[in-house]
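Chemist: What follows is a predicted protein model with its sequence.
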Amino acid sequence: MVDIGLFTQIVINGLLLGGIYVTIGVGFSLAFGVLEVVDFAVGEYVMVGAFMGAVLAPLFGAEGVFVIPIVLVVFFAVGALIQPLIHHVTTGDRPHPLLMGLVFTFGLATFLRGSVLTIFGPNSQDVPSSLLTGGIEVPGLGTFPVVRTVTAVFGVTGLAVFMYYLYRTRGGMAIRAIAEDRTNARLMGININRYQSIAYGAYAALTGSAGVFIGMTFNASPGMGLQYTAFAFFMVVLAGMGYLPGVIVAGIVLGLTQSFTAVYISGNAVLLVLFAIIYVVLLVSPAGILGKGEWAT
Amino acid sequence: MPRKHDDRRTFLKSVGAAATTVGLAGCAGLGGGPERDTFLLGAVTSLSGDLRFGGGVTQRGYDMWADTINREQGGIEIGGDTYEVEVEYADAQSNPSAGADAASQMINDGADALLGPYSSNVTLSVCPIAEQNSIPHITGSAESPQIWQEGYEYSFGTIPTVSIIGNEATSALLNLEPQPESVYVTGVNEPFSEATAVSMRTAAEDAGVTVENYELFPRDTDYTNVVSAAQNADPDLHLHGGHIGSHVDLVSAASQLGYTPNGFLMHYGVNTGSYKEGAGAQAPYTFGATVWIPSVDRSGGVLFDSPQAYADAAEAAYGSAPDYTQAGSTAAGIVYQEALKELNAAPPLSQDDKDELIGILEEIEVNTFYGNVTFEVGGEYHHNNINTQTLLIQLGEDGSPTIVGPEDAATGEPNYPVPAWDER
Amino acid sequence: MSDGDTILKTTDLTKRFGALTANDEISLAVERGEIRGIIGPNGSGKTTFFNTVTGFYEPDGGSVHFNGEEVTGWEPHRLARRGLGRTFQIVSPFKNMTVRQNMLAVQTDDGRSREEKRERVGEILEFLEIDHIADNEARGMSGGQQKLLELGRVLMLDPELVMLDEPAAGVNPALEERIMDHIHELNDEGTTFVVIEHDMHVMKTLADTVSVFDSGRHIAQGDFEEVSQNEDVRKAYLGGTTAEDDEVPV
Amino acid sequence: MSGSAPVLDRLPGDRRYWFLALGVLLLAWPFLFGSFWARIGLGALMWIGLAQSWNMIGGYAGYLDFGHGAYFGIGGFAAGIAMVQFGYPFVVGFALAIVVAAVLAYLVAVPTLRLTGAYFAIATWALAESIKQAALILEITGGTFGLSLPRSPDTFIGIAVPFAISETFFYYVMLLLCAATMLVTYVLFERHEFGYRVKALRDDQDAAESLGIDTTRVKRQVYVLSCVVAAVFGSVYAWYIVFIHPNDILAPIVTDRMVIMALLGGLGTLTGPIFGGLLVFLLQRLSSVFLGSSTFYLPLIGTLIMITVLFAPSGIIGILRGEIGRDDVRKNLKELGEKFDLL
């Protein structure tokens, strides 16, 4: 009854979709786990990245790929400047520091979405790419859409780079020390403001360029941010808060669940199933499906 | 502590100022008194929020009518005198609750009649307000069949419900050679899109064509899975009900996975600039449904001589080609204009005038550039203009639409079956 | 030591965190009316013991008896209403409330009327000599005042046993004196105390009996002089890597 | 600190006259300004009430419920289903809304309130989204098409009532509900010891437990209460707006608004949600009047939120109380500047 060709294609679709989520999950996991920032603006970074792709690509021969270096630099700089604000509202003698962080980034998200909507209008825009078109057909398996495959590779590479940075470099050590204990890190002579800014900048840069890829895969629209914020939260919940390697597993689970539900159960039930899984995972295993996240409050 | 004292004073001042503003605004709202020598039409439409694009289209349609009649005829002639037309806007903010408030605001401002919002959800909350205040309401855009099933007494619509548009466009497509034997139907799970998808399925079933699958899904889903399942079923045609964003996602995924049925039929809005911008290289050859495009052959009549004359005027005024929603909105104005002439009552309209206007609208037949407008009375299409012919269109290589069906209206040959993605 | 006078008794109480055994079969009995000191190096399991006894941690083994009743695994609020009060190492006043509201938040089962409760608040505040700041918000108060407030809140439970986690930490000497006086006074009226304290001077003047913890075990018990001569205790303090000078007894 | 006193203390003259004047204005409102302003008024009252309902669990108890809007939608659908699918009058739907919301809230509270902080926020948000998605699929909620409620004078109690179904009528219903919500909040959270226990568990849950407060129970009580209040407003809203759809009344924006209103007004205070609710509702609803027809109010609200969080975390109430003066802002700016230590 199950068609093998369809089945393998669904697996491919699911894995590549998971790859797209990995591109968002990596940076967000870093922000969530290391900086302890619950960032509601994550999806809007994706959206702004996609719009930068749509606006700038025509300047580079209608090729979105060439916009990515610019997006990386711009988002890193902007992220590095936003982090001190977030740090400021989540520390000090404020009531509800967590809520303040949440709401601050919510305000930032509203600002970004509203600004893009006001400037560009509500329509979606194409992020052109002539390099990443069509699909590669692998006989016996199915079709690998080029743009999605490249996006997934980008996500996994991004994860590898982050892991290398965090575990193999001095800067990464500093960031991990801050994650362990801010006060101790300060005592050890680490400039926590600087390293937190670097980490947040790196997160923003990765997420913004993920936006360009997502724009090339789908398109850029002012309202797209909300769903990617949702998926970013899905990713950290499944991966376990702050457990970077879990992001890959979370991406695979999320992608496959989505594609199998859509095809074998009902397209209409996809989001219901995903949200229900998130709720249940939080109740049953708040440290993620691998149980390796930190169960902090 | 002096600072606190200042605070208090500022606070009181601001409260006072706010109260005064609100009060004045409220009193202003009571205005629009009897001494008015213009017809005041209250337009409720989404000028902000997700539906702003569609709201802007209806706004251009309504303005087009008002500007033209005021410029060319000095307004509406009643018993020898000419009364200008004034359209006042209230923002429905793409949200039913704000839409209802906006309608109420227009009624409060003394509007003689209402021009309706964009989108069915907002319309469904505006209709009861028109009903409760006994004020005529014509919408130039909402297409969900639900609106007419409710049997509202005071609400009318110039665009046929989508259950007719979708059905007729599908039927026209199914007549193309080589005759399709199977279709795959998808739709987004919101009212308009579901109604569209249902009408497409019904048309296919009625034509005896195999419906391989019928599936609804949320807007924010990933379309590769939809496409893979469809690809596996290998239908002759893919029919899709949704808004522009979902069409774009569907064709992107189809091109990425190399899914090429003989054609895609999608409704709403494949002939909008928005679809062309979003879908980019994937836009050409898409089939769509409409009830009006500039090249359609209609006799014209009141206010605009022909569809092309309207299109040229609109292009000159706004720098963009009008679509059928804009035309339907302008037609709504034209219908009012003709009905008001027949009513022959000077503004402002009394309640009796308004009730009489409803009777006139139920009987009216207006020949416009948009087509002949008449409203059904009774039944599931109560007060909907269902007589305007549906057109099957296809985008050409440059993205411009050609009418390819039904046969008696076609102005060009379809490119069918459409070329595969890699052969374009 | 007759069992009838034992107010708190733990038997082989064990608490593990993963591979770490924070409390390893701790058996300890506190007599009614005494002031019991608990000392031990950092990480020896003193606070874990408090948390396990008062119901904040589910024990992995052993039992807790309070007033002759088995209370193992009871929820903290239930124990509190039975008369087992405690404070925390880090002062934890309800910052956004006034002193009086802090006290009124305390919940008991004794069926006291509103008026009686308010009266009791007045008495306690007067006793602790903080009645002049009754309507100040807790967030603006000094650390010492917050300590007194914490003690006052516990007293609202009319506790038979109070467990204090470092009551003198971070408090200036004058206030430390005051707190000690209050504890003695309350003890004279019949309240039993179990106190964790690093300050050996405080411990020496306060405690009737001292229990020594090391690496999660209860290694010695006796009066202060006895314990400070004990070989195991000296080893625990001097041999451990965490030893600090001011923690060495004697 | 009771939420209202410091502001009111600074009013000149006898405070009672101010109350009286406000009361008269509120009662006469629809007659003074007509039906449109009655609608604006009733919208503002509803959002004040909703903001207060979120404030109970989010502000007083400190649990960031990011799925609270679900109960507004559930209340609306409970009333809608009773009226459309079963043909009952509104009163039955109203009762059903309360019962359904209370039962569901309790069932949700038991497992979910064990989570705290961001985990609780994400869990409640995920649950609310699941509920919305389910409502889009289920038949009883009208699925994708939503529900159109009957609109006739006999929908209230089953017999034709001449005063029902007008803006003025709904204005007074909302006024009553909003006043009741305020009263309940004042009595329970500001005057009764229950409120002290709620604040105690927010400030320090362990300390509260150690003082005999059954925090689990108190949390559940607050959660259920706040959810029922939201559902009550939802049921009346459905009856008033006539057409309900999951994408509208179960949309996450409903929750977002409540949170923003409570926060801008002042969390955990009695009068904060009044100011925050008024400000945000009027800004959104009248944005076309103030700012022209555009989406410009979105970045404006975004900026307002960021500035409030940065410089006035205690909200409008904090400013009115004089907690945030020039010196505080200066100090705040200095501290903020120090964090820009990037090179």
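Modeler: Received, thanks.

Chemist: Quick check: residues of chain C near chain D?
Modeler: C:54-56, C:75-78, C:80-81, C:85-88, C:92-98, C:101-102, C:104-109, C:114, C:137, C:150, C:153-154, C:156-157 (Cβ under 8 Å from any Cβ of the partner chain). Where you see a C-beta, it was placed from the backbone N, CA and C, and this is true even at glycine.

Chemist: ok, now with 7 Å
Modeler: Of all the residues in chain C, those in contact range of chain D (Cβ under 7 Å from any Cβ of the partner chain) are C:54, C:56, C:76-77, C:80-81, C:86, C:88, C:92, C:94-97, C:101, C:104-108, C:137, C:153, C:157.

Chemist: same check, this time on the stretch 101-250 of chain B
Modeler: Where proximity means Cβ under 7 Å from any Cβ, the interface of the stretch 101-250 of chain B facing chain D comprises B:101, B:104-105, B:108, B:121, B:124-125, B:128, B:146, B:150, B:189-191, B:194, B:216.

Chemist: picking up where we left off before, buried by neighbour count, from the residues of chain C next to chain D: which ones?
Modeler: Buried residues within the residues of chain C next to chain D, defined by neighbour count using 16 or more other Cβ atoms under 10 Å in any protein chain shown: C:54, C:56, C:76-77, C:80-81, C:86, C:88, C:92, C:94-97, C:101, C:104-108, C:137, C:153, C:157.

Chemist: need the strands for chain A, in chain order.
Modeler: Listed in chain order, the strands of chain A (DSSP state E) span residues A:135-138, A:142-145.

Chemist: can you tell which of the ones you listed is closest to chain D?
Modeler: Closest of these to chain D is strand A:142-145, at 26.8 Å (criterion: Cβ to the nearest Cβ).

Chemist: Neighbouring strands - and their directions - for the closest one?
Modeler: Pairing partners of strand A:142-145, with direction, according to DSSP bridges: strand A:135-138 (antiparallel).

Chemist: In PDB, list the C-alpha atoms belonging to the strand it pairs with.
Modeler: What follows is the C-alpha trace of strand A:135-138 in PDB, where atoms were taken according to Å, rounded to 0.1, in the frame of the first residue of the first chain:
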ATOM      1  CA  GLY A 135      16.300  19.600  -8.400                       C
ATOM      2  CA  ILE A 136      18.800  16.800  -8.700                       C
ATOM      3  CA  GLU A 137      17.100  13.500  -9.300                       C
ATOM      4  CA  VAL A 138      18.700  10.500  -7.700                       C
END
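
Chemist: now it, how far from the centre of its chain.
Modeler: Using Cα atoms, centre = their mean, to the nearest Å, the mean C-alpha position of strand A:135-138 is found 26 Å from that of the whole chain.

Chemist: likewise stretch A:127-139?
Modeler: A distance of 23 Å separates the centroid of the chain from that of stretch A:127-139, by Cα atoms, centre = their mean.

Chemist: What lies in contact with that stretch?
Modeler: A:50, A:53-54, A:57, A:62-65, A:143-147, A:150, A:212, A:215-216, A:219-220, B:255-258, B:280, B:421-422 (Cβ atoms under 7 Å, 6 or more residues apart in numbering or on different chains).

Chemist: ok, 6 Å please
Modeler: Outside of stretch A:127-139, the residues within contact range by Cβ atoms under 6 Å, 6 or more residues apart in numbering or on different chains are A:53-54, A:57, A:62-65, A:143-147, A:150, A:215-216, A:220, B:256-258, B:280.

Chemist: what pLDDT, on average, does it get?
Modeler: In this model, stretch A:127-139 has an average pLDDT of 85.

Chemist: mind checking the SS state of residue C:194?
Modeler: The local conformation at residue C:194, judged by DSSP: H, G, I helix; E, B strand; the rest coil, is strand.

Chemist: hang on, it packs against residue C:36?
Modeler: Yes: counting by Cβ atoms under 6 Å, residue C:194 does reach residue C:36; the two are 4.7 Å apart.

Chemist: list residues touching both of the two?
Modeler: When contacts are counted by Cβ under 6 Å, 6+ apart, the set common to residue C:194 and residue C:36 consists of residue C:30.

Chemist: Give me the subset of the residues of chain C next to chain D that lies in strands.
Modeler: Cross-referencing these against strands under DSSP E gives residue C:86.

Chemist: circling back: now intersect the buried ones among the residues of chain C next to chain D with the helices, please.
Modeler: Under the assignment DSSP state H, those contribute C:76, C:77, C:80, C:81, C:101, C:104, C:153 to helices.

Chemist: The nearest residue to residue C:191 once chain neighbours are set aside and residue C:189, how far apart?
Modeler: By the measure of Cβ to Cβ, 6 or more residues apart in numbering or on different chains, the closest residue to residue C:191 outside its immediate chain neighbours is residue C:162, 6.0 Å from it. Here the criterion is Cβ to Cβ, to the nearest Å. By it, residue C:162 lies 12 Å from residue C:189.

Chemist: now residue B:161
Modeler: Taken as Cβ to Cβ, the span from residue B:161 to residue C:189 is 84 Å.

Chemist: Get me the contact residues on the stretch 151-300 of chain B for chain A.
Modeler: For the stretch 151-300 of chain B, the residues in contact with chain A under the definition Cβ under 6 Å from any Cβ of the partner chain are B:189, B:215-218, B:220-222, B:224-225, B:228-229, B:232, B:245, B:248-249, B:256-258, B:274, B:277-278, B:280.

Chemist: Actually, the stretch 51-200 of chain D.
Modeler: Residues of the stretch 51-200 of chain D found near chain A (Cβ under 6 Å from any Cβ) are D:64, D:111, D:116-119, D:122-123, D:126-127, D:129-130, D:133-134, D:137.

Chemist: and with 10 Å instead?
Modeler: By the rule Cβ under 10 Å from any Cβ of the partner chain, the part of the stretch 51-200 of chain D lying against chain A is D:58-59, D:62-64, D:66-67, D:108, D:111-112, D:114-137, D:143-144.

Chemist: average pLDDT for stretch C:173-184?
Modeler: Here the average pLDDT along stretch C:173-184 is 89.

Chemist: Buried ones in that stretch, by neighbour count?
Modeler: Residues of stretch C:173-184 classed as buried by neighbour count (16+ other Cβ under 10 Å): C:175, C:176, C:178, C:179, C:180, C:182, C:183.

Chemist: I'd guessed the fifth one sits against residue C:205; true?
Modeler: Yes: the pair residue C:180 / residue C:205 is scored as a contact, 6.8 Å apart, by Cβ atoms under 10 Å.

Chemist: quick revisit: what's the most buried one of the strands of chain A?
Modeler: Each of the strands of chain A was assessed for mean neighbour count using mean count of other Cβ atoms under 10 Å in any protein chain shown. The highest is strand A:142-145, with a mean of 22.

Chemist: just to revisit the earlier point, which members of the residues of the stretch 151-300 of chain B next to chain A occur in strands, if any?
Modeler: By the criterion of DSSP E, membership of those in strands covers B:215, B:216, B:217.

Chemist: Between the residues you listed, which sits nearest residue B:413?
Modeler: Residue B:413 lies nearest to residue B:215 out of those, by Cβ to Cβ, at 31.6 Å.

Chemist: hey, where'd the helices end up in the chain?
Modeler: Answering for chain A, as no chain was given. A:4-33, A:42-56, A:68-90, A:97-120, A:146-168, A:170-180, A:182-187, A:192-217, A:225-239, A:246-260, A:270-284.

Chemist: You answered for a different chain; I wanted chain C.
Modeler: With DSSP H as the criterion, chain C has helices at C:46-53, C:76-81, C:99-104, C:114-127, C:143-155, C:173-188, C:200-206, C:224-229, C:231-239.
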